[in-house]
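A.B. asks: Structure, please.
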Amino acid sequence: MLPRQQEIVRAAARLFHARGYAATSMRDLAAALGVTSAALYYHFPGKEDLLVAVMRQGVELVQVAVAQAMADCDDPLLRIRAGLRAHLLACLEHQEYVSALLYETRALSPAAQAEVARVRDAYEALWAETLAAAQQAGVVRPGVDVRLVRLLCFGAINWAVLCFRPAGSYQPAQIADALLDYLSQGVFVAEAARPAQAPGREVCSGV
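C.D. replies: A predicted model of the protein is given here:
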């Protein structure tokens, strides 16, 4: 991408994040950049093309951060931990790009959705390979569907991105570590370790 195109995509990401894609026009973007609308159309045929560029950039920024973090780890579990941390930190650092992926996908035409999906699939392949290797190394139990693990992790991180507040109780790395700890160690007390239920009391009264 040319430097001028990168500048336009950055401005589009900021406006889409602040106003929403539907409420942002090419004229708004041109005004923010101090150029004419014709200058924008020279680089991007339409607003949808800009949204696709913003989404592609968001995926690529996260993928680069995660790949770099994972490259420093040989241990499968530490590799996953480093990847989760990097994913969350990158999403927060580049929230203007990532929010387009979380909120605006439905605004795309089927062809544009397929284009973004190809970029997203390339990133998800990195995680699929990482989790499969962890399972092969015995870190993940046999029979566990690592695809579901990946979806659970991404879903949890996406919500953390939407809800994160810098002044909150946890920093991003702590949230990522907690997610992995809960996945690996569990949350609920095993049946044998729970106190006995008092006679005559039901666990659930039903509906």
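A.B. asks: What are the buried residues along stretch 25-42?
C.D. replies: Using 16 or more other CB atoms under 10 Å as the test for burial, stretch 25-42 gives Met26, Asp28, Leu29, Ala30, Leu33, Val35, Leu40. (C-beta placed from N, C-alpha, C; glycine too.)
A.B. asks: Kindly report the same for stretch 182-189.
C.D. replies: By neighbour count on 16+ other CB under 10 Å, the buried set for stretch 182-189 is Leu183.
A.B. asks: Helix, strand or coil: sort out Gln6 for me.
C.D. replies: In three-state terms, and counting by DSSP: H, G, I helix; E, B strand; the rest coil, Gln6 is helix.
A.B. asks: Could you measure from it over to Ala53?
C.D. replies: 9 Å (CB to CB, to the nearest Å).
A.B. asks: And Asp72, by the same measure?
C.D. replies: Per CB to CB, Asp72 is found 30 Å from Ala53.
A.B. asks: neighbour count winner among the two?
C.D. replies: Comparing Asp72 with Ala53 by other CB atoms under 10 Å, the one with more neighbours is Ala53, at 21 against 9.
A.B. asks: mind checking which helix or strand the residue most central in space within the chain is in?
C.D. replies: Taking CA atoms, centre = their mean, the centroid of the chain lies closest to Asn158, which sits 5.1 Å from it. Using DSSP states H and E, Asn158 maps to helix 146-163.
A.B. asks: hey, C-alpha coordinates of whichever helix or strand comes after that helix in CSV?
C.D. replies: Downstream of helix 146-163, the first helix or strand assigned by DSSP H and E is helix 172-185. Output of helix 172-185 as CSV, limited to C-alpha atoms (Å, rounded to 0.1, in the frame of the first residue of the first chain):
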residue,chain,number,x,y,z
PRO,A,172,-4.4,-6.7,29.2
ALA,A,173,-1.7,-9.3,30.0
GLN,A,174,-3.5,-10.3,33.2
ILE,A,175,-6.8,-10.8,31.3
ALA,A,176,-5.1,-12.9,28.7
ASP,A,177,-3.3,-15.0,31.4
ALA,A,178,-6.6,-15.5,33.2
LEU,A,179,-8.2,-16.7,30.1
LEU,A,180,-5.5,-19.3,29.5
ASP,A,181,-5.5,-20.3,33.2
TYR,A,182,-9.2,-20.8,33.3
LEU,A,183,-9.0,-22.9,30.1
SER,A,184,-6.2,-25.0,31.3
GLN,A,185,-7.1,-25.4,35.0
